[in-house]
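K.L.:
I'd like to go over a predicted model; first the sequence, then the structure.
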Amino acid sequence: MALQKNDFVELEFIGKVKGGDIFDTNIKEEAKKINLELESRPLIICLSQNMILPSIDEFLIGKDIGKYALELSPEKAFGNRDRTLIKTLPIRIFMEKKVYPQPGMMFEFDNVLGKVSSVSGGRVIVDFNHPLANKTVVYELNVKKIITDEKEKISSLFSFFFRRKFEFEIEEKKVIVNAEEKLKPVFEMFAPKFKEILNLDLEVEEKKKESEEKKLDNKVEEKKQ
């Protein structure tokens, strides 16, 4: 069965620089080789929803379950090097944060990752190009299965976009999430995308703190056991 837009799939992958080393993977045995710690749960993505490198997304549409190899030029992978992304910054920016820059250090500036190229006097040269810019990369892909269970799809979206799990219930064409009140605006922003992918409305039910009375009852029960 050919994969289509908005299909949920369980995916294993290994990313390598062509002719070189692994730079990313979600396979534990391979991750150990590059000292990468992985979460125990499998990677589940929704195709065509920017949950993986766009070129991989495009490649998988129309494919079947199985294993594939995909070679990507820099233009299709992480881009070519751009000299305009090499910036000179005053060292005081680092000092204000009590950071002492050294060549090779990686820092995040306004959600953009940069690498310190050199430090001279009061100036720091930072390269904001992707570390794999100008590199041809090769991906080994294993589409293990298509996910059809609705709850598993919902859980995978929450894990990807929120990096955590939530309790939820499905009522007809609506998903009711048990979450903190402060997260309600975030879920409201996410709701249209959720509707687009799963054709389900999304609502938040405020997570109630356990009452003192209930806590006391629980302690009494624990002592009885």
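P.N.:
That came in fine, so what should we check first? Nothing here was measured: the structure is a model prediction, and the numbers come from that model.
K.L.:
bridged to residue 174, which residues?
P.N.:
Residue 174 forms beta bridges with residue 171, residue 201, as assigned by DSSP bridges.
K.L.:
can you report how many residues neighbour it?
P.N.:
11 (other C-beta atoms under 10 Å). Every C-beta, even on glycine, is put in place using the N, C-alpha and C of the backbone.
K.L.:
what of residue 52?
P.N.:
Residue 52: 20 neighbours (other C-beta under 10 Å).
K.L.:
nearest residue to the most centrally placed residue in the chain other than its sequence neighbours?
P.N.:
For the chain, the residue nearest the mean C-alpha position is residue 160 (5.5 Å; C-alpha atoms, centre = their mean). Nearest non-adjacent residue to residue 160, counting by C-beta to C-beta, 6 or more residues apart in numbering: residue 51, 5.8 Å away.
K.L.:
tell me which element the one you found is part of?
P.N.:
Element membership of residue 51 [criterion: DSSP states H and E] is none; it lies in no helix or strand.
K.L.:
circling back to that earlier point, wait, the residue nearest to the centre of the chain sits on residue 41?
P.N.:
No. Contact criterion C-beta atoms under 8 Å: residue 160 and residue 41 do not qualify, at 11.0 Å.
K.L.:
can you list the domain ranges for this protein.
P.N.:
Listed by automatic domain parsing, the domain ranges of the chain are 1-79+135-148, 83-127, 149-225.
K.L.:
on that earlier part again, ok, the residue nearest to residue 160 - contacts?
P.N.:
With C-beta atoms under 8 Å, 6 or more residues apart in numbering as the criterion, the residues that contact residue 51 are 45, 57, 160.
K.L.:
any idea which of the residues you listed the model trusts least?
P.N.:
Lowest pLDDT among those: residue 160, with 90.
K.L.:
got phi/psi on that residue?
P.N.:
phi -70, psi -50 (degrees, to the nearest 10).
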